[in-house]
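Enquirer: give me the fold of what follows.
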Amino acid sequence: MSFGGGSPGFLAIQALVAARDDLQGVADKDWAAASGLIVKKLLTAAGQTAESMTALRAAVGEEVFESQLKSLSHHQARLLAKRLDKSVPDLEVSTARAAAGYIRTLLTRPAAAPPAEAEADPVTDETAANTAPTPETVSDETPPSPPETPNPYFGRKSFRTG
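Expert: Here you go, the predicted model:
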């Protein structure tokens, strides 16, 4: 994309970075803000993987990456978590903070390590028949019943004042 016949956007950014020494009026926080805009665009763009997000975080630094991750809305953070891990439970990404935390754990997890669910051996009919129940798995105890306290919500009538 070019504006007014100038160079495309990426070339313009490269030219600005190359002329960084001549641009004394641009403070470091302004460069960080400009990189933050690009990072946020990449966080909300489709096609991201955990490896690309890890590379992005390493390229721009922890501070810029975290500030943009925290600025995502609930919907944006949830979509990013779903893009990085399609099997994420909805409870894990129920809020923006929870989704950002889940994304952080995905990015700190080693890439070669499979998820914990994949490490367990699948139980087939043959393996289930060959294994005898152990005393730890068989229990004669019944599960505890829920407490029998009255419900504090009495219905609509309890909220009437007149």
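Enquirer: contacts and neighbour counts: CA atoms only from here.
Expert: OK.
Enquirer: give me the number of residues near T54?
Expert: Counted by other C-alpha atoms under 10 Å, the residues lying close to T54 total 16.
Enquirer: now do the contacts for the residue nearest to it when sequence neighbours are not counted.
Expert: Spatial nearest neighbour of T54, excluding adjacent residues (C-alpha to C-alpha, 6 or more residues apart in numbering): L107 at 5.9 Å. Contacts here follow C-alpha atoms under 8 Å, 6 or more residues apart in numbering; on that basis L107 touches A50, E51, M53, T54.
Enquirer: as a markdown table, the residues you listed with secondary structure and pLDDT would be great.
Expert: Below are the contacts of L107 laid out as a markdown table (DSSP: H, G, I helix; E, B strand; the rest coil; pLDDT from 0 to 100):
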| residue | secondary structure | pLDDT |
| --- | --- | --- |
| A50 | helix | 89 |
| E51 | helix | 91 |
| M53 | helix | 91 |
| T54 | helix | 92 |
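Enquirer: neighbours around S35, how many?
Expert: Residues lying near S35 (other C-alpha under 10 Å) number 16.
Enquirer: ok, it to R83 distance?
Expert: Distance, S35 to R83, by C-alpha to C-alpha, to the nearest Å: 22 Å.
Enquirer: now T142
Expert: 41 Å.
Enquirer: between these two, which one's more packed in?
Expert: Using other C-alpha under 10 Å, the more surrounded residue of T142 and R83 is R83, with 17 against 6.
Enquirer: what mean pLDDT does the longest helix anywhere in the chain have?
Expert: When the chain is parsed with DSSP state H, its longest helix is helix 28-44. Helix 28-44 carries an average pLDDT of 90.
Enquirer: for it, buried residues please.
Expert: S35, G36, V39, K40, L43, T44 (16 or more other C-alpha atoms under 10 Å).
Enquirer: where does the prediction get shaky in the protein?
Expert: Scanning the chain for pLDDT under 70 picks out the ranges 1-7, 110-140, 143-160, 162.
Enquirer: I am finished for the moment; much appreciated.
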